[in-house]
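Asker: return atomic coordinates for the entry below.
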Amino acid sequence: MKHSAQGAAGTGTRTAAAAEAVRVPAQPKAADVSRGRNDRGRTPGTGRPADGARGEHTHGEPPAPGSSAPGPFAVSRPRALVQRSSVRGQILDALRSALVTGELRPGEVYSAPVLGERFGVSATPVREAMQQLALEGAVEVVPNRGFRVVERGDRELAELAEVRALIEAPVWLRLARTVSAERWAELRPLAEATVRAASSGCPATYAEADRAFHRAVLALAGNEQLVRIAGDVHRRAQWPPSGSPSVRGRADLVTDAHQHTALLDALIAGDPAAVRALVGDHFTSTL
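Answerer: Numbers count the residues shown, from 1 in each chain. Purely as a prediction, here's the structure:
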């Protein structure tokens, strides 16, 4: 469900905590930001509808990430605009993080114009990011309204975890026989980063660090399709079930992260029996 926000002075630096990136402070209303638009909702001189006039109903919609309205998205930080370079990518990262933390609530419908107001951008990059999430199976298009966050149950998440185990576990065991101890040692910073992320207790921060570590391990196989497919399944497995703020609590995240460092220790030591046992524990613990 990683994104960065920029303050009035502009920092341009992506934050280490994905959750902080999600809560983009509330922005001025679209009417204040786009003063060049006339009363009929069209941009002068173009005849094109304004971003908020595309038939997406916004009344009765739940608060969006970064909203100043009371509720789970309420914030009290100074206003800041999203960095204009690669806006779509930043919005996509923010929405992915909001999915992991449950801030985008399963079953709720969100419109691009309203989300755009919250992020201080036009509806276009938000709509493009939502369309990407629709391709990933995170949301579904609701004609003339926006995008509904897909509801998923424990069974679907268990199936995704099983698919991950079927894809990744055999690769880990094969790499244990072919990759040198020196190469494994190079992954130590990534494994330690997952421990720090887990200690923060933020599901989005840990989700990003966890994917980075697993992606680096699978990359050692030299199969780009493997990395892409496994990464997609991994991301889907991190979305929480309906009615739950997160898949696992902080204690579970810390346990999972320490399995990364234990696995590296066994791989560097060249202990195949320990590797096999740890790989089994690591993937079955999420089933």
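
Asker: strands of this protein, start to end?
Answerer: Ranges of strands within the chain are 109-110, 139-142, 146-149, based on DSSP state E.

Asker: so for the second one, what gets flagged as buried?
Answerer: It stands for strand 139-142. By neighbour count with 16 or more other C-beta atoms under 10 Å, strand 139-142 contains the buried residues V139. (Glycine included, C-beta is placed from N, CA and C.)

Asker: what mean pLDDT does that strand get?
Answerer: Averaging pLDDT along strand 139-142 yields 95.

Asker: compare the strands of the chain and give me the one nearest A262.
Answerer: Nearest of the strands of the chain to A262, taken as C-beta to C-beta: strand 146-149 at 35.1 Å.

Asker: quick one on the thing from earlier: Throw the strands of the chain into JSON lines and include distance to R250, thanks.
Answerer: Shown next, in JSON lines, are those (distance: least, C-beta to C-beta, whole Å):
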{"stretch": "strand 109-110", "distance to R250": "28"}
{"stretch": "strand 139-142", "distance to R250": "27"}
{"stretch": "strand 146-149", "distance to R250": "24"}
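
Asker: how about low-confidence regions in this protein?
Answerer: 1-85, 243-248, 286-287 (pLDDT under 70).

Asker: domains in it, as residue ranges please.
Answerer: Split into domains by automatic domain parsing, the chain comes to 18-149, 154-284.

Asker: ok, for A191, nearest residue in space, not its chain neighbours?
Answerer: H260 (4.2 Å; C-beta to C-beta, 6 or more residues apart in numbering).

Asker: hang on, that neighbour packs against P189?
Answerer: No - in terms of C-beta atoms under 8 Å, H260 does not count as a neighbour of P189; the distance is 11.3 Å.

Asker: of the two, who's got more company?
Answerer: Set H260 next to P189 and count neighbours by other C-beta atoms under 10 Å: H260 wins out with 25 against 10.

Asker: so who does the more buried one touch?
Answerer: A191, T194, V195, F213, H282 (C-beta atoms under 8 Å, 6 or more residues apart in numbering).

Asker: before we move on, what about E136?
Answerer: Going by C-beta under 8 Å, 6+ apart, the list of residues near E136 reads D232, R235, R236.

Asker: okay, and which of the residues you listed map to helices?
Answerer: Counting by DSSP state H, the part of those found in helices is D232, R235, R236.

Asker: relative to F119, which of these is nearest.
Answerer: Of all the ones in helices among the contacts of E136, R235 has the smallest distance to F119: 21.2 Å, by C-beta to C-beta.

Asker: show me what contacts the nearest residue to D210 once chain neighbours are set aside?
Answerer: The shortest distance from D210 to any non-neighbouring residue, by C-beta to C-beta, 6+ apart, is to T194 (5.6 Å). By C-beta under 8 Å, 6+ apart, the residues touching T194 are Y206, A209, D210, A212, F213, D256, A257, H260.

Asker: got the contact list for the closest residue to the second one other than its chain neighbours?
Answerer: Counting by C-beta to C-beta, 6+ apart, A209 lies nearest to A197, which is 3.8 Å off, once chain neighbours are set aside. Contacts were defined as C-beta under 8 Å, 6+ apart; by that measure A197 touches T205, Y206, E208, A209, D210, L253, A257.

Asker: against C202, how distant is the fifth one?
Answerer: Between D210 and C202 the distance is 12 Å, computed by C-beta to C-beta, to the nearest Å.

Asker: again, but for the last one
Answerer: The span separating A257 from C202 equals 13 Å under the rule C-beta to C-beta.

Asker: how about stretch 157-177: buried residues?
Answerer: Quick answer for stretch 157-177 (16+ other C-beta under 10 Å): 157, 160-161, 163-165, 167-169, 171-172, 175-176.

Asker: can you flag which of these belong to helices?
Answerer: Filtering the buried residues of stretch 157-177 for helices - DSSP H - leaves 157, 160-161, 163-165, 167-169, 171-172, 175-176.
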